Each structure stands twice: as structure tokens, then as C-alpha cells.
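Colleague: how would this look folded up:
(one chain, ligands or ions: 2)
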Amino acid sequence: MNAVMPDHGTTGVAGGHETTLPRAERILSVENLSVSFDGFKAVDGLSLSVDRNELRVIIGPNGAGKTTLLDMICGKTRPDGGRVLFNGTDLTRLSEHEIVRAGVGRKFQTPSVYEDLTVLENFEISLPRMHGLFQSLTYRRRPESMARIEAMAEQVMLSGQLDRRAGQLSHGQKQWLEIGMLLMQEPKLVLLDEPVAGMSPREREETGDLLRRISAGKSVVVIEHDMDFVKRIAHKVTVLHQGKVLSEGTVAQVQDDPRVIDVYLGH
Ligand code: ADP
Ligand code: MG
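Modeller: Ligands and ions are numbered 1, 2, ... in the order given. I've put the predicted structure just below:
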């Protein structure tokens, strides 16, 4: 099903000898993470880990703590307890800015592109920052920058749209533009909160292909509700419920898990 399926450290047989294949490299480990809002435990002792080149989907009923989990990974919300190890660094000690610089890109649920600017200009401001305005302007106008923007526009299916105002794009195209802007920073881990909400079936399909493409070479964590979409893209699915991991495995495994059917998929 998936050409970039990472090795998850399974035991294999090579040359007649049983060998342990190298464990897939872990990029993110969330350890026993918790946060309460006014005494309500939105995330409650949650642990999960994500490998390099993995595309992980997080599902679960409304209020399960999915968005709050991403908020804690990207530093928007401070946990009450637990750690978020990214390449060995505890992100819970860093500012949001430092977390971006460490290589974590986050996209929120609603698209937030600059509607009055063109697609090209939106890409230009997302180029990694240089020090000083003058330097950043000259940097952005270098031919290499333009080549990078064109390549990114192609990757997010916006070639030919560079001169349009972002406000004139379809909802799906705005989401793609924002994903492209995130990718310009070359994050090692991309966090996406319900990226296909409000998209047409065709746009969903194209977004699925896009996420599969970008997960080769980086890690992607996607929160999603649409199970058809999840089936198409996920390497592994984590099901959250009441701030905890309820189940984890392949799409087929979690779909067959009676606890998941009971609290989520059965409805
Ligand atoms: P999900 O994304 O899975 O639907 P959320 O992470 O948004 O769920 O929310 C989990 C729970 O935490 C919900 O009950 C929500 O009302 C609550 N919550 C989230 N953020 C805050 C906040 N900043 N203040 C108070 N309660 C919050
Ligand atoms: Mg949410």
C-alpha cells in the first residue's frame, strides 16, 4: 500500500541468520504528557512516539485532546507534566519560536494566509528569515529563492496561481498554500490539524497524495476525522479518548478494536 512505509524495528531473517533490523529512528517521543484547564484533564498522561518518515494520523471524538496535544508539542500550551522529546531535546522547555527553529512546523485548523497578498508574496514571506529587513528582502529576490518558490508551488499544486491574490483561491488551495509556506521552513516534523475539513472530495484526494509525498523525508502528524481519508494516508493511527491513547496500530487494527468502535467509530 505504501512505498515509504518505515521499518518499525521488526525482526527479520537475512542470509539464514535471524537479525534485528535497525530500529526506525524516532523523531518525537511524547512522554506522560498532561494538562488541565480549570481542573479538567484535557490531556491525561499521554505517551506516543513518531518515527522519521512516518505519517501518523490522530483520530478521536471531539474533545479527546487532539488539538491540545499539538498545542503542547508546538509550545502554544504548557503542559502540567510530562515531556516532549524531539530529536532528544525537551520541547516543553523551549519557546514557540525556538520550537519552530528546532524544526517543528504547525498548521492550525483554519487557513491563515495573507489574503491581500499574491500566492508568490505569501511564499516570499515564508522563506526562512535572514537577520535584518534589507538582507531578507535581497535574499528573497535572489533567483534561487524564486526557483525554490516555484518548486514548492508545484509540490502543493499551485503552479500557475503565483500571481493570484491568496484571497481568491479556493478553500482547499488556501490550505495547500499554507502547507507550502510551512514547508518552505524545511521543518523535520509537520503538525496538521484537520487539513481537509471543508475540502471537496477531489481536493481531499489530492491532499492525501500531497501528504504522502511530503512524509518521505520528514515526519507528519495529522489530526483527521474523515476515515476514508485516514485509510488512504495513514502509516499508523493513534486513537485518543479523554486525553489518553485508547488504541494504536494500522487502520485495520484500530477499526477492529472494540474500544474504538465503542467510543468513536460506532457512532
Ligand atoms: P479535540 O481537538 O480532540 O476536539 P481539544 O484538544 O480541542 O479536543 O479539547 C480537549 C478538551 O479541552 C475539551 O474539553 C476542550 O473544551 C478543553 N480545552 C481545550 N483548550 C482549552 C483551553 N484553552 N481552556 C479551557 N479548556 C480547553
Ligand atoms: Mg481539535
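Colleague: in contact with the one residue in the chain that gets nearest to ligand 2, which residues are there?
Modeller: Closest residue of the chain to ligand 2, Cβ to the ion: T67 (3.2 Å). The way it works is simple: take the backbone N, C-alpha and C, and place the C-beta from them, glycine included. Neighbouring residues of T67 by Cβ atoms under 8 Å, 6 or more residues apart in numbering: 109, 193, 223.
Colleague: rerun at 7 Å
Modeller: With contact set as Cβ atoms under 7 Å, 6 or more residues apart in numbering, T67 has these partners: 193, 223.
Colleague: tell me the first helix or strand C-terminal of the host helix or strand of it.
Modeller: Assessed by DSSP states H and E, T67 sits inside helix 66-73. Sequence order places strand 81-86 as the next helix or strand after helix 66-73, per DSSP H and E.
Colleague: dihedrals phi and psi, I59?
Modeller: phi -120, psi 170 (degrees, to the nearest 10).
Colleague: apologies, that question was intended for Q109.
Modeller: According to degrees, to the nearest 10, Q109 has phi -60, psi -50.
Colleague: please apply the same query to M146.
Modeller: Main-chain dihedrals, M146, degrees, to the nearest 10: phi -60, psi -40.
Colleague: now stretch 233-250, how far from the centre of its chain.
Modeller: 15 Å (Cα atoms, centre = their mean, to the nearest Å).
Colleague: pLDDT of that stretch, averaged?
Modeller: Confidence over stretch 233-250 (mean pLDDT, whole number) is 95.
Colleague: please apply the same query to stretch 80-89.
Modeller: For stretch 80-89, mean pLDDT rounds to 96.
Colleague: starting at the chain centroid, how far to that stretch?
Modeller: 17 Å.
Colleague: tell me the angle of the helix holding T67 relative to strand 81-86?
Modeller: 70 degrees (axes from the mean of the first three to the mean of the last three Cα atoms, to 10 degrees).
Colleague: I figured A42 hits A64, correct?
Modeller: No. Contact between A42 and A64 fails when scored by Cβ atoms under 7 Å: they sit 9.1 Å apart.
Colleague: show me what from the stretch 1-150 of the chain comes close to ligand 2.
Modeller: 66-67 (Cβ under 5 Å from the ion).
Colleague: shaky segments in the stretch 1-150 of the chain?
Modeller: Low-confidence segments of the stretch 1-150 of the chain (pLDDT under 70): 1-23, 129-141.
Colleague: and the strands in it, which stretches?
Modeller: 11-14, 17-20, 26-37, 40-51, 55-59, 81-86, 89-90, 104-107 (DSSP state E, counting those that start in this stretch).
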